[in-house]
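Peer 1: Take this sequence and fold it.
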Amino acid sequence: MLRALIWDVDGTIAETERDGHRVAFNEAFKELGVPWRWDVPTYGYLLRVTGGYERLLFDMECRPQAPASASEREGMAQAVHRRKNERYAQMILSGAIKARPGVHRLMDECADAGITMAIATTTSRQNVEALLAQQVGPYWRDRFAAIVCSEDAPIKKPDPLAYRLALERLGVGAREALAVEDSPNGLAAAYALGIGTLITRSAYFRYEAFAGFAGICNDLDHPITWPIGTAPRTDVAVLRQVSEAWTHADTSYSREVLSDSTK
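Peer 2: Numbering: from 1, shown residues only. Prediction:
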């Protein structure tokens with residue numbers, strides 16, 4: 001029985017990667033005199049690395065303008081990441097980033113149906129608070145029985161730590177929960193624990209194959225397909241059907257395929 005819905009944040013609740021974090025990184029680069037910018041395709045490529053700080057270090061490996069020593073690169077990444085988070089919070093407060101279609105509706109429906117909700121993300125608590133306070137309201141924490149951020153789970157997706165902590169704090173089993181994700185790394189993290197997953201495609205993963213998913217849609221207000229059929233949009237009834245299908249599915253083959261696809 002479905003007892004909990006666990007939300008990812010970036011790309012899932014809002015289109016924050018392309019239109020938020022990327023833009024804020026470029027502002028931070030400019031303000032700090034860093035001589036490069038991330039265009040839309042480049043940032044899409046960099047999303048294979050989870051975490052903004054980690055993404056910076058990864059990109060520096062092929063940048064001749066980057067500092068030579070590891071300690072200097074780490075210092076530079078820390079400074080850029082701090083400034084980026086400041087600019088990102090300002091963007092959120094300005095209303096520049098909106099929730100994706102269907103997010104508010106589904107959250108309301110889950111609350112009405114008694115389905116507990118949680119957050120499991122590898123972005124920072126500062127970023128989560130900025131987005132959800134603006135989108136859900138000042139009492140947004142009351143909506144979620146567990147909130148797991150990068151400070152709680154420093155080993156980031158595709159590692160399942162964030163989801164393991166969410167399950168523990170919720171007090172539910174993996175088969176009693178359903179994850180909402182947008183990326184292959186997020187899917188892998190949930191799937192590693194046996195959590196059924198609903199994929200709501202974000203801009204950067206619009207054409208991803210998503211091996212092993214339980215359900216998939218372009219956004220929560222658009223048609224969803226899953227192993228037992230289709231529906232015009234994602235609502236609580238659909239969540240329960242996806243969860244039920246996952247509970248009774250033999251996922252061993254899909255788990256192996258998914259594991260291979262994220263290596």
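
Peer 1: just the strands in the protein please.
Peer 2: 4-7, 116-120, 146-148, 177-181, 196-200, 215-217, 224-226, 229-231 (DSSP state E).

Peer 1: and these as a markdown table, adding mean pLDDT and distance to residue 19?
Peer 2: For the C-beta atoms, the positions are set from N, CA and C on the backbone; glycine is no exception. Output for these, formatted as a markdown table (pLDDT from 0 to 100; distance: least, C-beta to C-beta, whole Å):
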| stretch | mean pLDDT | distance to residue 19 |
| --- | --- | --- |
| strand 4-7 | 98 | 19 |
| strand 116-120 | 98 | 20 |
| strand 146-148 | 98 | 23 |
| strand 177-181 | 97 | 18 |
| strand 196-200 | 95 | 16 |
| strand 215-217 | 92 | 20 |
| strand 224-226 | 86 | 24 |
| strand 229-231 | 88 | 28 |
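
Peer 1: can I get those in a markdown table with mean neighbour count and distance to residue 100?
Peer 2: Compiled in a markdown table, the strands of the chain are given as follows (neighbours: other C-beta atoms under 10 Å; distance: least, C-beta to C-beta, whole Å):
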| stretch | mean neighbour count | distance to residue 100 |
| --- | --- | --- |
| strand 4-7 | 24 | 11 |
| strand 116-120 | 24 | 15 |
| strand 146-148 | 23 | 19 |
| strand 177-181 | 27 | 10 |
| strand 196-200 | 27 | 7 |
| strand 215-217 | 22 | 11 |
| strand 224-226 | 19 | 14 |
| strand 229-231 | 12 | 18 |
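
Peer 1: Make TSV out of those and add distance to residue 56.
Peer 2: Shown next, in TSV, are the strands of the chain (distance: least, C-beta to C-beta, whole Å):
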stretch	distance to residue 56
strand 4-7	25
strand 116-120	23
strand 146-148	23
strand 177-181	23
strand 196-200	27
strand 215-217	31
strand 224-226	35
strand 229-231	40
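
Peer 1: which residue is nearest the centroid of the chain?
Peer 2: When C-alpha atoms, centre = their mean is applied to the chain, the residue found nearest the centroid is residue 8 (3.7 Å).

Peer 1: any idea how far it lies from residue 191?
Peer 2: Here the criterion is C-beta to C-beta, to the nearest Å. By it, residue 8 lies 13 Å from residue 191.

Peer 1: follow-up on the earlier one: please name whichever of the strands of the chain is nearest to residue 61.
Peer 2: Distance to residue 61, taken as C-beta to C-beta, is lowest for strand 177-181 among the strands of the chain, at 27.2 Å.

Peer 1: tell me the angle that closest one makes with strand 196-200.
Peer 2: 30 degrees (axes from the mean of the first three to the mean of the last three C-alpha atoms, to 10 degrees).

Peer 1: Just list what strand 177-181 packs against, helices and strands only.
Peer 2: If you count contacts as 3 or more C-beta pairs under 8 Å, 6 or more residues apart in numbering; DSSP states H and E, strand 177-181 packs onto strand 4-7, helix 161-170, helix 184-191, strand 196-200, helix 236-248.

Peer 1: any chance of these in TSV, with distance to residue 215 too?
Peer 2: Compiled in TSV, the helices and strands packed on strand 177-181 are given as follows (distance: least, C-beta to C-beta, whole Å):
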stretch	distance to residue 215
strand 4-7	12
helix 161-170	17
helix 184-191	11
strand 196-200	4
helix 236-248	4
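
Peer 1: just so I know, which of those lies nearest residue 21?
Peer 2: Of those, nearest to residue 21 by C-beta to C-beta is helix 184-191, at 15.0 Å.

Peer 1: could you check the angle strand 116-120 makes with the closest one?
Peer 2: 130 degrees.

Peer 1: Show me what helix 184-191 is packed up against.
Peer 2: By 3+ C-beta pairs under 8 Å, 6+ apart, helix 184-191 packs against helix 161-170, strand 177-181, strand 196-200, helix 252-261.

Peer 1: Can you show me the CA trace of it as PDB?
Peer 2: What follows is helix 184-191 as a C-alpha-only set of coordinates in PDB (Å, rounded to 0.1, in the frame of the first residue of the first chain):
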ATOM      1  CA  PRO A 184      18.800   8.800 -14.400                       C
ATOM      2  CA  ASN A 185      20.900   9.400 -11.300                       C
ATOM      3  CA  GLY A 186      17.700  10.000  -9.300                       C
ATOM      4  CA  LEU A 187      16.100   6.900 -10.700                       C
ATOM      5  CA  ALA A 188      19.100   4.900  -9.900                       C
ATOM      6  CA  ALA A 189      19.200   6.100  -6.300                       C
ATOM      7  CA  ALA A 190      15.600   5.200  -5.600                       C
ATOM      8  CA  TYR A 191      15.800   2.000  -7.600                       C
END
